[in-house]
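1. My questions concern the predicted model and sequence given below.
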Amino acid sequence: MPTPFRTTLWRVLLMQLVALMLLGLLQGRYNLVAAP
Amino acid sequence: MHWINWTIVAVYLTIVVVDGLRRTRGTTNIEGYFLANRSLPWWAVGLSVMATQLSAVTLIGTTGQGATDGLRFVQFYFGLPIAMVILGVTIVPFLHGAKVYTAYEFLEKRFDAKTRSLTSFLFLLSRGMSCGTIIAAPSVVLSAIFGWDITWCVALIGIPTVIYTVLGGVQAVTWADVKQMVIIVGALTAIVIALVVKMPVPIDDAFRMAGAAGRMRVFDFSFSLTETYTFWSGILGGTFLMLSYFGTDQSQVQRYLSAKSVDEARSSLLMSAYWKIPLQALILLIGVLVFLFYVSTPAPMLFNPRHDAVLMEKEPATYAALQTRYDVARTNRVTQSQRVVAARGNASAEAVEQVAFRDRQLSLDSVRNDALAAVARVTGESSRDVNYIMPRFVLDQLPLGFAGVFFAAVLAAAMSSIAAELNSLSTATVVDFYQRWFKREGSDAHFLFVSKASTAVWGVFACVVAVYAANLGSLIEVVNRFGSFFYGSILGVFVLAMIPRTNALGAFVGLLSGMGAVAAVSFGVPSVSFLWHNVIGAVVVVAVGTLLSVGGGTENSQGDSKLPGGQQTP
């Protein structure tokens, strides 16, 4: 049975959230020096 | 470039063209030629959507931007998944269900012929020109890197693309896109692996330096209308831009109109929703890794070899002085990078060394900016040095074979975007103008011939614009600026189309008002970032269109379509 569209939407949003969190972790770990 | 690299490029070009020719079989009417008889699977359409949006500038320019500016450009794409989700439940079922060839055809079904013709004309005007610039951008880079005449570079990209697009139609475009995406992702993955392997310091230390140099700043939460890339402009402005692009631009709409069903069309868009941000982050990260690679490996002061040679020849004294300053700044940065690595584990020392590294980097950037300003003064053209960082890195630093794969990927990225543009330009020309206003009745063979001829004419036009792009610079800029006036406005018309009881007068006047409002903001407050133009345009169209429609009754509602395919008797 195909996945209901609403389930797919939640998956998309969840994946974006994970992507943003990973980018945030990258920034949090390495972007430690303020711009002048 | 080594002959093995050229062989890789030649094999790629041959496969794409031969496969395109193979796809000509079985196409007997324009539904087959423009929409593949609505038979394509979601994954092929999804890859085609991604390949169309990923142009050669993404590969050579965005990686360069990663090297000089870091990761923050990824914010530009934050609205994309949101837009795809919204389109999946709104415009996609409307357009796919209406069985139209072009997005603008739907507007005639809903409003009237003049709204359809105006929006389609605006599409032809802006995309016709931009197609030329899509060919021109990588051609200029190839020309400077290999020392060829620009006409040959345009021919290398343009001729194979025109051949397979004219002969194979959307089938050839889509299946070529699938192969092109595989080549592009393969090349990017190979380059990431090579960069990580070749990195002289542990990757964690390398990223600390990138952080100190400001390359690891992803999010900017400041609410500034003038800053181009912020979290908010990406989420809000980006959503409107992506809604306009994927929902109303024929070059994208035509991709998913060729899908088997509404569900397959939705799934094809959701592929971008899943993968666009990770892919774009990867492309920018490659740029950051190239930046880090050049921290310990000598890098040229100017990456554009042609500009480097011109500056050296025209102003040798200035060049020598800049080179001396650059060498000193670079040596200082190398020394400081070693101190950053040595300070690891001691938090307070590390903080001090990182600030010092940032300052060394700023000194180096300042020398490079002076060199770029000198180039601009001497050559009279913008340096665009950022576009040459990646090609030079691949040619100078990566093992044999990588350059071949990379340049095949650059050609693939350019060709996939151009092919989709040509295919959609031809569709709008034939369906929205030729068939709508000039010749309603005709045999399948006649319309198929006209469609192929129209694709060829647009292809030749795009190549001519590309060759003269340098001279047409100001004209192209005007057209691009004009294009930004109506991008959000066209989205507004489609939103109006989905609001009950809005009418044709509201849509037409709303469209003109939206464009006028964006033009006023663009000229009156030029500091407002272009991403906000789309929001302004769409909101004004919907507001004016709804107000004008109140009490005016409904014209041409969706159910009023008199003939199949949106063809109405005058």
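-> Arrived safely, thanks for sending. Numbering: from 1, shown residues only, chains lettered A, B, ... in the order given.

2. longest helix of chain B?
-> Across chain B, the longest stretch assigned as helix under DSSP state H is helix B:150-198.

3. and the next element down the chain from that helix?
-> helix B:203-212 (DSSP states H and E).

4. who in the stretch 1-150 of chain B is up against chain A?
-> Within the stretch 1-150 of chain B, the positions near chain A by Cβ under 8 Å from any Cβ of the partner chain are B:71, B:74, B:78, B:81, B:84, B:85, B:88, B:89. From N, CA and C alone the C-beta is placed, and that goes for glycine too.

5. Separate out the buried members of those.
-> B:71, B:74, B:78, B:81, B:84, B:85, B:88 (16 or more other Cβ atoms under 10 Å in any protein chain shown).

6. Which residue is it, in chain A, that comes closest to chain B?
-> residue A:30 (3.3 Å; Cβ to the nearest Cβ).

7. Which residues of chain A lie near chain B?
-> Going by Cβ under 8 Å from any Cβ, the residues of chain A near chain B are A:2, A:5, A:8-9, A:12-13, A:15-16, A:19-20, A:23-24, A:26-27, A:29-33, A:35-36.

8. give me that answer again for 6 Å
-> A:9, A:12, A:15, A:16, A:19, A:23, A:27, A:30, A:31, A:32, A:33, A:35 (Cβ under 6 Å from any Cβ of the partner chain).

9. If you tally nearby residues, what's the number for the fourth one?
-> When neighbours are counted by other Cβ atoms under 10 Å in any protein chain shown, residue A:16 registers 20.

10. on that earlier part again, quick check: the two most widely separated of the residues of chain A next to chain B?
-> Pairwise distances across the residues of chain A next to chain B (Cβ to Cβ) peak at 38.9 Å, for the pair A:9 and A:33.

11. about what we covered before: CSV for the residues of the stretch 1-150 of chain B next to chain A, including secondary structure and pLDDT?
-> Putting the residues of the stretch 1-150 of chain B next to chain A into CSV (DSSP: H, G, I helix; E, B strand; the rest coil; pLDDT from 0 to 100) gives the following:
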residue, secondary structure, pLDDT
B:71, coil, 93
B:74, helix, 92
B:78, coil, 91
B:81, helix, 91
B:84, helix, 91
B:85, helix, 89
B:88, helix, 88
B:89, helix, 86
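
12. the bottom helix or strand of chain B by mean pLDDT?
-> None of the helices or strands of chain B scores lower by mean pLDDT, DSSP states H and E than helix B:473-498, at a mean of 76.

13. What's the first helix or strand after that one?
-> That would be, after helix B:473-498 and using DSSP H and E, helix B:504-524.

14. what packs against that next one?
-> helix B:473-498, helix B:530-549 (3 or more Cβ pairs under 6 Å, 6 or more residues apart in numbering or on different chains; DSSP states H and E).

15. number of nearby residues for residue B:442?
-> 14.

16. got a pLDDT number for residue 2?
-> You didn't say which chain, so I picked chain A. Residue A:2 carries a pLDDT value of 58.

17. Wait, chain B was what I had in mind.
-> Per-residue confidence at residue B:2 stands at 85 (pLDDT).

18. ok, back up a step: closest to residue B:167 among the residues of the stretch 1-150 of chain B next to chain A?
-> Using Cβ to Cβ, the residues of the stretch 1-150 of chain B next to chain A come closest to residue B:167 at residue B:84, 31.5 Å.
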